[in-house]
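1. just coords:
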């Protein structure tokens with residue numbers, strides 16, 4: 001007898017940070033596979049393990065700051081794989097880097113990254129990840145020490161390693177992201193990447209040439225002082241996960257800790273910024 005899954009298709013406005021919060025809450029209730037879409041999220045759970053009344057425990061659905069609707073459908077396991085593949089498309093960044101799933105054909109680019117996203121953020125579909133990939137492509141990573149903070153799938157760490165980084169520490173506070181990043185790092189053969197579960201409290205005496213942090217505004221504002229404390233002289237800090245209207249706040253906090261603004265990328269009101277120590 002084939003196993004049955006439920007597919008919840010959420011439409012969300014605005015997408016962030018609602019998508020990340022929704023994933024975290026659904027994971028606690030037994031959902032084990034997620035796929036971000038252009039307008040929201042697909043979430044999957046085994047039918048036999050799910051009580052629809054448990055959605056009442058998903059607090060983000062009642063948050064008036066977000067408009068969240070959903071539809072639910074029942075699918076068999078063999079169609080689940082087909083549905084997942086249908087909704088996950090490869091991402092091409094500047095014709096230099098492709099982020100794809102294992103079932104996609106390899107493309108002729110300098111950096112071919114294979115990601116199995118599972119429950120983790122960072123497939124390249126979201127504007128912030130895409131812009132961070134663009135910024136990573138523009139930087140020299142040869143023999144550099146790198147920190148990827150809030151690594152999600154590990155895609156930024158993997159690209160940094162492929163570009164010649166000597167060592168990369170990838171950290172995420174979410175267990176599923178930690179496990180997924182471990183899998184993706186291994187799958188892409190990046191032996192110089194070490195993945196850790198936790199937050200900035202894991203940082204002790206390390207210093208880095210480049211720090212990447214694609215998280216959200218509040219965490220960035222809280223942790224910029226820590227990043228500055230672990231950057232080498234002339235080190236580079238790349239930040240994303242915030243909106244255009246947050247640039248002044250982010251830049252003010254960076255300036256307070258000796259970080260000079262260099263440039264921004266903007267996409268659909270999301271921003272990625274480069275600072276130099």
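-> Right, received. Where do you want to start? Here the structure is a predicted model, which means the values were calculated and not measured.

2. any idea of the mean pLDDT for stretch 186-202?
-> Averaging pLDDT along stretch 186-202 yields 96.

3. Name the residues of that stretch that are buried.
-> Residues of stretch 186-202 classed as buried: 188, 190, 192, 193, 195, 196, 199, 200 (neighbour count, 16 or more other C-beta atoms under 10 Å). Heads up, the C-betas are built off the backbone N, CA and C, glycines and all.

4. Can you give me the end-to-end span of that stretch?
-> 22 Å (C-alpha to C-alpha, to the nearest Å).

5. Remind me which helix or strand residue 265 belongs to.
-> Residue 265 belongs to strand 260-267 when assigned by DSSP states H and E.

6. which residues touch that strand?
-> Strand 260-267 is contacted from outside by 127, 130-131, 134-135, 244, 247, 251, 254-255, 271-277, using C-beta atoms under 8 Å, 6 or more residues apart in numbering.

7. what do you get if the cut-off is 7 Å, keeping everything else the same?
-> With C-beta atoms under 7 Å, 6 or more residues apart in numbering as the contact definition, strand 260-267 has outside contacts at 127, 130-131, 134-135, 244, 247, 251, 254, 271-276.

8. Test my guess that residue 155 contacts residue 101.
-> No. Applying C-beta atoms under 7 Å, one finds residue 155 not in contact with residue 101, separated by 12.0 Å.

9. Need the residues touching each of the two.
-> residue 115.

10. Mind listing what's buried along stretch 216-229?
-> Quick answer for stretch 216-229 (16+ other C-beta under 10 Å): 216, 217, 219, 220, 221, 223, 224, 226, 227, 228.

11. Low-confidence regions, the chain specifically.
-> 1-2, 77-87, 117-125 (pLDDT under 70).

12. so where do the strands sit in it?
-> In the chain, the strands defined using DSSP state E lie at 4-13, 33-36, 40-46, 67-76, 91-93, 97-100, 111-114, 145-149, 167-172, 193-197, 208-214, 231-243, 260-267, 270-276.

13. Identify the bridge partners of residue 40.
-> residue 11 (DSSP bridges).

14. right, and it touches residue 14 too?
-> No. Assessed by C-beta under 7 Å, residue 40 is found out of contact with residue 14, at 10.6 Å.

15. Looking at these two now, which is surrounded by more residues?
-> residue 40 (20 against 13; other C-beta atoms under 10 Å).

16. Can you name the residues that contact the more buried one?
-> By C-beta under 7 Å, 6+ apart, residue 40 lies in contact with 10, 11, 12.

17. I figured the second one hits residue 38, correct?
-> It stands for residue 11. No. If you go by C-beta under 7 Å, residue 11 and residue 38 don't touch, sitting 9.9 Å apart.

18. more neighbours, these two?
-> Neighbour count, other C-beta under 10 Å: between residue 11 and residue 38, residue 11 has more, with 15 against 9.

19. Kindly provide the distance from the residue nearest to residue 69 when sequence neighbours are not counted to residue 241.
-> Sequence neighbours aside, residue 11 is the residue nearest to residue 69 in space, at 5.0 Å (criterion: C-beta to C-beta, 6 or more residues apart in numbering). To residue 241, residue 11 is 21 Å away according to C-beta to C-beta, to the nearest Å.

20. Among the contacts of strand 260-267, the buried ones, what's the PyMOL command?
-> Buried residues among these (16+ other C-beta under 10 Å), as a PyMOL selection:
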select buried, resi 127+130+131+134+135+251+254+271+272+273+274+275
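
21. Just give me the closest of the contacts of strand 260-267 to residue 164.
-> Among the contacts of strand 260-267, residue 135 lies closest to residue 164 (C-beta to C-beta), at 16.0 Å.

22. shouldn't the closest one be in contact with residue 273?
-> No. Residue 135 lies out of contact with residue 273 (C-beta under 7 Å); the separation is 8.7 Å.
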